[in-house]
Structures are given as structure tokens and as C-alpha cells.
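[1] Structural data only, the sequence is not supplied:
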């Protein structure tokens, strides 16, 4: 093992995720990201839209925003930077989640099993890959000032 490997940041587990890991994954992706819907002013996170009971939208209702897959990865690792290593996915498993292909066995409640495409369907939020290292997801925005007032206190505590 060389020096670079020893000093490399921990990039998560390779094993199928647990219920807590699913919860954190769903929490991060649905709380800090939202669809770029014209009529949502200010923009709402995916979870907030569901909690408010806002009407469904189509690709015609979306702005031109997009996020790079690398930005989604950075968001995930930044938010979970202080989390226990057993609660963080490695990049390959995170990519599977973004594509809706992450194996979700034994995670508990069906609510905790939602994948990225449950909040941002592929039919509306296209995924484009320009090379093996560069891809984007269309029609989503980063929610900078997330509103958590609609969340259950126990969910906020579980996140902390």
C-alpha cells in the first residue's frame, strides 16, 4: 500500500446498504435536491413537494437546469462528511442508486426504499452521459435553504 492509498479519504462501503443507510441516502437526495419546476417559487425540495401535496409536473414544466453527477456525488459526501463510515456508500453504489438499480433488500419500510428515480423519474429528468466520467441529470436544482418544518422530529433527529 503506498502513501496515497493510506491518505485517501474513505469513500464508503461496498456491501448492500442497511435501513439507516437507505434513510440517509433518501434524506440527502430528497431534501437538498428538487425539480426545477417553473411554478415553484421558491423552488421546493422533492420531499417538500410531496409533503405539501403539490401537483405532479411534466418535463414541459421544468426549467433548463441540470446538475452533473459529480455534483450529486459531492453533495452526498459533503452532507455525510461527519457520518459514521458504515453509513456512507462508495461511489459505484451511489451511481447505482442514481440509476435506480441499487439492491434494497432488508431495508424495512417501503418509504425507506425509494431510490433517486422515485423522486426524479427518468421519463422527466433525463440522464445524459457525455463520457465515462461526465454525466448530467436534467431538470433538477440544488436547494440551498432547505425547509425542514414539514419533517417529523424523529426523522430530523435520526438524520443528526
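    Looks like it arrived, so ask away. Since we're looking at a predicted model, the values are computed, not measured. Numbers count the residues shown, from 1 in each chain.
[2] Show the average pLDDT along the helix ranked longest in the chain.
    Secondary structure of the chain per DSSP state H: the longest helix is helix 19-31. Confidence over helix 19-31 (mean pLDDT, whole number) is 84.
[3] And it, what does it pack against?
    Helices and strands touching helix 19-31, by 3 or more C-beta pairs under 8 Å, 6 or more residues apart in numbering; DSSP states H and E, are helix 46-52, helix 69-79, helix 91-99, helix 116-119, helix 153-159. Where C-beta positions appear, they are placed from N, C-alpha and C, glycine not excepted.
[4] residues in contact with the residue nearest in space to the middle of the chain?
    In the chain, the residue lying closest to the centroid (C-alpha atoms, centre = their mean) is residue 29, at 2.2 Å. The contact partners of residue 29, by C-beta atoms under 8 Å, 6 or more residues apart in numbering, come to 46, 72, 76, 97, 116, 119.
[5] pLDDT at the residue lying closest to the last one once chain neighbours are set aside, what is it?
    What that stands for is residue 119. With C-beta to C-beta, 6 or more residues apart in numbering as the measure, residue 46 is the residue that lies nearest to residue 119, at 3.9 Å, once sequence neighbours are left out. pLDDT, the model's per-residue confidence, is 94 for residue 46.
[6] Give me the neighbour count for residue 46.
    By the criterion of other C-beta atoms under 10 Å, residue 46 has 22 neighbours.
[7] Okay, and the beta partners of the nearest residue to residue 49 once chain neighbours are set aside?
    Excluding the flanking residues, the one nearest residue 49 by C-beta to C-beta, 6+ apart is residue 34, at 6.7 Å. Note on residue 34: beta-bridge partners residue 141, judged by DSSP bridges.
[8] Residue 34 touches residue 42, doesn't it?
    No - with contacts defined as C-beta atoms under 8 Å, residue 34 does not count as touching residue 42, sitting 9.5 Å away.
[9] The two: who's more crowded?
    When residue 34 and residue 42 are compared for neighbours, residue 34 comes out ahead with 25 against 9, by other C-beta under 10 Å.
[10] ok now do the more buried one, which residues does it touch?
    Contacts of residue 34 by C-beta under 8 Å, 6+ apart are 40, 43, 44, 45, 46, 48, 49, 140, 141, 143.
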